[in-house]
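A.B. asks: have a look; sequence and predicted model below, questions after that.
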Amino acid sequence: MIGNLIGVLFDGVAYGSLLFIISIGLSVTMGLMNFVNLAHGAFAMLGGYVCVVLMTRLGVPFLASLPVAFAAAALAGAVLERTLYRRLYRATHLDQVLFSIGLVFMSMAGATYVFGSQQQPVQLPELLRGQVHVLGLDLGSYRLFLIAVVIAVTLALHWLIERTRFGASIRASVDNQQASAGLGINVFRVFSLTFALGSGLAGLGGGLGIDVLGLDPTFPLKYMVYFLLVVAVGGAGTIKGPLIAAILLGVFDVAGKYYVPQIGSFIIYFVMVIMLLVFPRGLVGRRA
Amino acid sequence: MRRKDASVPTGALPTARWRPLEIAFWLVPIAAYFLFPRYLTLASQIFIAGLFALSLDLILGYARIISLGHAAFFGIGAYTAGLLAKHGWGEPISGLAAAAATAAAVGLLTSFLVVRGQDLTRLMVTLGIGLMLYEAANQASSITGGVDGLSGVQMNKLFGLFAFGLNGKTAYWYCLGILFIVFCFARTLVRSPFGLSLRGIREGERRMPAIGVSVQRKLIAIYTVGAAIAGIAGALLAQTTQFVGIDSLGFPRSAELMIMLVIGGTGYLYGALVGAATFMLLQDYLSNLSAVYWQFWLGLLLVLLVLFARGGLIGGTLGLRRRLMGKRV
């Protein structure tokens, strides 16, 4: 029973880590530019398909395909930000919602056209398959790997944001855009770079997630709520908030589906509505 | 007389008189009945979608509440009317009333959650409520039929005279009639002092309390009205197709609804009807070519609308007319 509980917790944390890595870019978009981007999942899907194509058509090993997924999604993010997103920073939230739903529909139709509507397979390397025994528990190696990647990414992000000059400009722009611009920070360039970085991380997460979340053209819509949830519950514009929210969400979702499958994802939506009402600014609200 | 007064901004203090253009607009469906007798079913679907879009226009166009879960009320109405008719209460008008009342009750209960918070919170809360209802309907399959949908809906004759036949004539006039009645109600509502204060909230939410308007109460009221109308639209669909699919509660329906409204233009009431008609006709034409392409064109249309044609068809036309008039003067 206890082993069971730990197993569920472990799976939940791994699942949450994955949600975190995909959603962190969205947190920046919403926090920095106050942009409601429902199309964030499309970048994750792009990363996933890049991985699949590299593995199945070109025979690239799984681990080597991940950096390419990151780069491709980051590039797509940079291009879209320059050409389309930038025009809508000052638009109303309604316009942003509609615009990004439009992008979601186009990406779904595009993916169906190119790859068909079936689930895509993933070939994990030998090393990451099966289970490892830790302290008498059977833990999935791939999930351990996921958690390790997310710890590494989080540390790297923390270093980037807290220790570098670029990170300082991000923090300044999030806190007060106008004052930062007045101090000579090119807020738009900062935002382009962070948008690309966030899209890239989503792409990386999409590649990592094929085995856990699956990959088919409905991906951006199916998980849209989860990504939004992580950011809305965690608090936009921070790293810590979405991290906590993503882990909580992962654990609740896995535990709910394991222990009370008859009500399934109901729990998540219920917890989300309650959380949003109790913490309208997110768990880790930014100082006003 | 008042319309000619230049000091009154357009639409601020409108008369209740029907303009010739509006009357012409309502003659179109009557003409369509005789001109396109083979498309009566599609036309009924357009009226239902129009009514549904109208309900969203009240809360989105007039009160600026962004809702991604408005299909919840549509679905509640559809299931209420469908379940009533399935279990022996097949009288259509009272079924509609029951659906409206149920949807309004749920709307009122959830409105307290929705009107708090800002755009993002509202968006997430409406989305969450919609998804919860979807899950609930999915799990309660012994009552709702789950994914297979609710079938076996048996309707009585309308007023005891007109049966809902396969030719769709009764359904056509029934939907058109209800749409017109509800539209008149909405038209009166937005031109009433209540409607004007909603507009005030839309334009400056922080200033309205200063002139003694309780913002919360007005938003709760309009949200409830919007929910009731969406419930009526759902009930119409259940009664005329004699079937309720679980997709009537789903997120894609809420998104499509928003698209219809934006195509037509928010905040004009007529935009909802024009948008619904345009959307349904496009969908009928394009999805016959290919379902995948339809989704792609829909997405592209949305992106283009947001980038280049804010205000939709009605807003664009009015802007064009204003520009032409301005040049002439």
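C.D. replies: Sure, I can see it. Numbers count the residues shown, from 1 in each chain, chains lettered A, B, ... in the order given.
A.B. asks: list the contacts of stretch A:121-137.
C.D. replies: Outside of stretch A:121-137, the residues within contact range by CB atoms under 8 Å, 6 or more residues apart in numbering or on different chains are A:3, A:6-7, A:10, A:51-52, A:55-56, A:61-63, A:138-142, A:144-145, A:210-211, A:215. For the C-beta atoms, the positions are set from N, CA and C on the backbone; glycine is no exception.
A.B. asks: how far off centre is it?
C.D. replies: Relative to the mean C-alpha coordinate of its chain, stretch A:121-137 is positioned 23 Å out (CA atoms, centre = their mean, to the nearest Å).
A.B. asks: state the mean pLDDT of it.
C.D. replies: When pLDDT is averaged along stretch A:121-137, the result is 72.
A.B. asks: can I have it written out in CSV, keeping just the CAs?
C.D. replies: Extracted in CSV, the C-alpha atoms of stretch A:121-137 (Å, rounded to 0.1, in the frame of the first residue of the first chain):
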residue,chain,number,x,y,z
PRO,A,121,5.4,5.8,-31.9
VAL,A,122,8.5,6.5,-29.9
GLN,A,123,11.6,4.2,-29.7
LEU,A,124,13.2,4.8,-26.3
PRO,A,125,16.9,3.8,-26.0
GLU,A,126,17.6,0.5,-24.1
LEU,A,127,19.0,2.4,-21.2
LEU,A,128,15.8,4.2,-20.5
ARG,A,129,13.4,1.3,-20.8
GLY,A,130,12.3,-1.0,-17.9
GLN,A,131,12.6,-0.2,-14.3
VAL,A,132,15.3,0.3,-11.7
HIS,A,133,15.2,-0.9,-8.1
VAL,A,134,15.8,1.9,-5.6
LEU,A,135,15.4,1.1,-1.9
GLY,A,136,13.1,-1.8,-2.6
LEU,A,137,10.9,0.2,-5.0
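A.B. asks: before we move on, the earlier item: just the buried ones from the contacts of stretch A:121-137?
C.D. replies: Burial by neighbour count, 16 or more other CB atoms under 10 Å in any protein chain shown: within the contacts of stretch A:121-137 this picks out A:7, A:10, A:51-52, A:55, A:62, A:139-140, A:142, A:144-145, A:210-211, A:215.
A.B. asks: how about stretch B:111-129: buried residues?
C.D. replies: Going by neighbour count (16+ other CB under 10 Å), the buried part of stretch B:111-129 is B:111, B:113-115, B:117, B:119-129.
A.B. asks: just the residues you listed: which are in helices?
C.D. replies: Applying DSSP state H to those, the entries found in helices are B:111, B:113-114, B:119-129.
A.B. asks: and those residues, which two are the farthest apart?
C.D. replies: B:Ser111 and B:Leu120 (17.8 Å; CB to CB).
A.B. asks: which among the ones in helices among the buried residues of stretch B:111-129 are in contact with chain A?
C.D. replies: Residues of those in contact with chain A (CB under 8 Å from any CB of the partner chain): B:113, B:119-121, B:123-125, B:127-129.
A.B. asks: now the residues you listed in JSON lines, with pLDDT?
C.D. replies: Output for these, formatted as JSON lines (pLDDT from 0 to 100):
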{"residue": "B:Leu113", "pLDDT": "82"}
{"residue": "B:Asp119", "pLDDT": "75"}
{"residue": "B:Leu120", "pLDDT": "77"}
{"residue": "B:Thr121", "pLDDT": "78"}
{"residue": "B:Leu123", "pLDDT": "83"}
{"residue": "B:Met124", "pLDDT": "82"}
{"residue": "B:Val125", "pLDDT": "83"}
{"residue": "B:Leu127", "pLDDT": "85"}
{"residue": "B:Gly128", "pLDDT": "84"}
{"residue": "B:Ile129", "pLDDT": "86"}
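A.B. asks: nearest to A:Pro280 among those?
C.D. replies: Closest to A:Pro280 out of these is B:Thr121 (5.3 Å), distances taken as CB to CB.
A.B. asks: now for that closest one: which residues touch it?
C.D. replies: B:Thr121 neighbours (CB under 8 Å, 6+ apart): A:232, A:276, A:280.
A.B. asks: need the buried ones from the residues you listed selected in ChimeraX.
C.D. replies: With 16+ other CB under 10 Å as the burial test, the buried ones among the contacts of B:Thr121 are selected in ChimeraX as follows:
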select /A:232,276
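A.B. asks: among the contacts of B:Thr121, name the ones in strands.
C.D. replies: Nothing among these maps onto strands, per DSSP state E.
A.B. asks: and the stretch 201-329 of chain B, which residues reach chain A?
C.D. replies: B:251-252, B:255, B:258-259, B:262, B:266, B:292-293, B:295-296, B:298-303, B:305-307, B:310.
A.B. asks: and stretch B:96-111, average pLDDT?
C.D. replies: On average, stretch B:96-111 scores 91.
A.B. asks: who's in contact with that stretch?
C.D. replies: Contacts of stretch B:96-111 (CB under 8 Å, 6+ apart): B:72-73, B:76-78, B:80-81, B:84, B:129, B:178, B:219-220, B:223-232, B:234-236, B:238-239.
A.B. asks: show the buried residues in the residues you listed.
C.D. replies: B:72-73, B:76-78, B:80-81, B:84, B:129, B:178, B:219-220, B:223-232, B:234-236, B:238-239.
A.B. asks: out of the residues you listed, list just those in helices.
C.D. replies: Per DSSP H, helices hold the following members of the buried ones among the contacts of stretch B:96-111: B:72-73, B:76-78, B:80-81, B:84, B:129, B:178, B:219-220, B:223-232, B:234-236, B:238-239.
A.B. asks: does A:Met55 touch A:Leu63 like I think?
C.D. replies: No: shown here, A:Met55 and A:Leu63 do not form a contact pair, counting by CB atoms under 8 Å, at 10.4 Å.
A.B. asks: so where's the stretch 1-150 of chain A shaky on pLDDT?
C.D. replies: A:1-3, A:135-137 (pLDDT under 70).
A.B. asks: okay, helices next: where are they in it?
C.D. replies: A:2-33, A:40-58, A:62-83, A:93-115, A:141-163 (DSSP state H, counting those that start in this stretch).
A.B. asks: likewise for the stretch 151-300 of chain B?
C.D. replies: Ranges of helices in the stretch 151-300 of chain B, per DSSP H, counting those that start in this stretch, are B:169-191, B:193-203, B:215-241, B:251-264, B:270-289, B:291-308.
A.B. asks: redo those as a markdown table? Include distance to A:Gln119.
C.D. replies: As requested, the helices of the stretch 151-300 of chain B are exported to a markdown table (distance: least, CB to CB, whole Å):
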| stretch | distance to A:Gln119 |
| --- | --- |
| helix B:169-191 | 40 |
| helix B:193-203 | 44 |
| helix B:215-241 | 32 |
| helix B:251-264 | 20 |
| helix B:270-289 | 24 |
| helix B:291-308 | 17 |
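A.B. asks: take these and lay them out in CSV including mean pLDDT.
C.D. replies: Below are the helices of the stretch 151-300 of chain B laid out as CSV (pLDDT from 0 to 100):
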stretch, mean pLDDT
helix B:169-191, 88
helix B:193-203, 84
helix B:215-241, 90
helix B:251-264, 86
helix B:270-289, 86
helix B:291-308, 83
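A.B. asks: what's the closest of these to A:Leu18?
C.D. replies: Using CB to CB, those put helix B:251-264 closest to A:Leu18, at 22.0 Å.
A.B. asks: buried set for the closest one?
C.D. replies: Buried, per 16+ other CB under 10 Å, within helix B:251-264: B:251, B:253-264.
A.B. asks: for it, output the C-alpha coordinates as CSV.
C.D. replies: Provided in CSV are the C-alpha atoms of helix B:251-264 (Å, rounded to 0.1, in the frame of the first residue of the first chain):
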residue,chain,number,x,y,z
PHE,B,251,-14.9,22.9,-25.6
PRO,B,252,-14.8,22.9,-29.4
ARG,B,253,-18.4,24.1,-29.4
SER,B,254,-17.6,27.0,-27.1
ALA,B,255,-14.7,27.9,-29.3
GLU,B,256,-16.8,27.7,-32.5
LEU,B,257,-19.4,29.8,-30.9
MET,B,258,-16.9,32.5,-30.1
ILE,B,259,-15.7,32.3,-33.7
MET,B,260,-19.2,32.8,-35.1
LEU,B,261,-19.7,35.8,-32.9
VAL,B,262,-16.3,37.3,-34.0
ILE,B,263,-17.0,36.7,-37.7
GLY,B,264,-20.2,38.7,-37.4
